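Q: My questions are about this predicted structure, shown below with the sequence.
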Amino acid sequence: MALNIASFEPVLATIVAVLFTVAGVVNLAGRGAVKRDFARWGYPAWFRLLCGALELLSAALLAGQQTRGSGLTLAGAIMIGALFTLIRKREPFGHLAPALIFSALVVVTVALRG
């Protein structure tokens, strides 16, 4: 029996959705370090809330087969913005690594969709 790598796409999409749900909740909750990071990066307070809401929207879109492409597109846009911010602000690798992993998971999920 041959392994069909494309069959992993729904599983990977679910993992990405869970990660974006957690990220969205963390941003919306805005505990100390999150608020300080957004302020340090020069973003207004409302931008953290927008990011959290978009992350949750992306997760919700990823959950549906018919909306998964839109969810991946939104997730990719979010990650481009996050990576841009982290690189522009010369954040340490410890901040950059999770964003790189999230981005890689989004890219692999898109690639598996074919």
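A: Thanks, I have the structure now.
Q: Check the gap between Leu12 and Cys51 for me.
A: From Leu12 across to Cys51, the span is 22 Å (C-beta to C-beta, to the nearest Å). Bear in mind the C-beta positions are built from the backbone N, C-alpha and C, glycine included.
Q: More neighbours: which of the two?
A: Shown here are Leu12 and Cys51; by other C-beta atoms under 10 Å, Cys51 has more neighbours (22 against 18).
Q: Could you find the closest non-adjacent residue to that one?
A: Spatial nearest neighbour of Cys51, excluding adjacent residues (C-beta to C-beta, 6 or more residues apart in numbering): Asn27 at 5.1 Å.
Q: was I right about the one you found contacting Leu49?
A: Yes: because the distance of 7.3 Å satisfies C-beta atoms under 8 Å, Asn27 is recorded as touching Leu49.
Q: neighbour count winner among these two?
A: More crowded of Asn27 and Leu49, by other C-beta under 10 Å: Asn27, with 23 against 14.
Q: residues contacting that one?
A: Counting by C-beta atoms under 8 Å, 6 or more residues apart in numbering, Asn27 touches 34, 48-49, 51-52, 55.
Q: coming back round to it: over to the residue nearest to Cys51: give its phi and psi.
A: Asn27 has phi and psi values of phi -70, psi -40 when expressed as degrees, to the nearest 10.
Q: Distance of it relative to Leu19?
A: According to C-beta to C-beta, Asn27 stands 13 Å off from Leu19.
Q: neighbours around Ala17, how many?
A: Neighbour tally, Ala17, other C-beta under 10 Å: 22.
Q: my bad, should have said Lys89
A: Other residues near Lys89 come to 12 when the count uses other C-beta under 10 Å.
Q: For it, which non-adjacent residue is spatially closest?
A: Nearest non-adjacent residue to Lys89, counting by C-beta to C-beta, 6+ apart: Trp41, 5.5 Å away.
Q: ok, Val16 - contacts?
A: Counting by C-beta under 8 Å, 6+ apart, Val16 has contacts 59, 62, 72, 75, 102, 105-106, 109.
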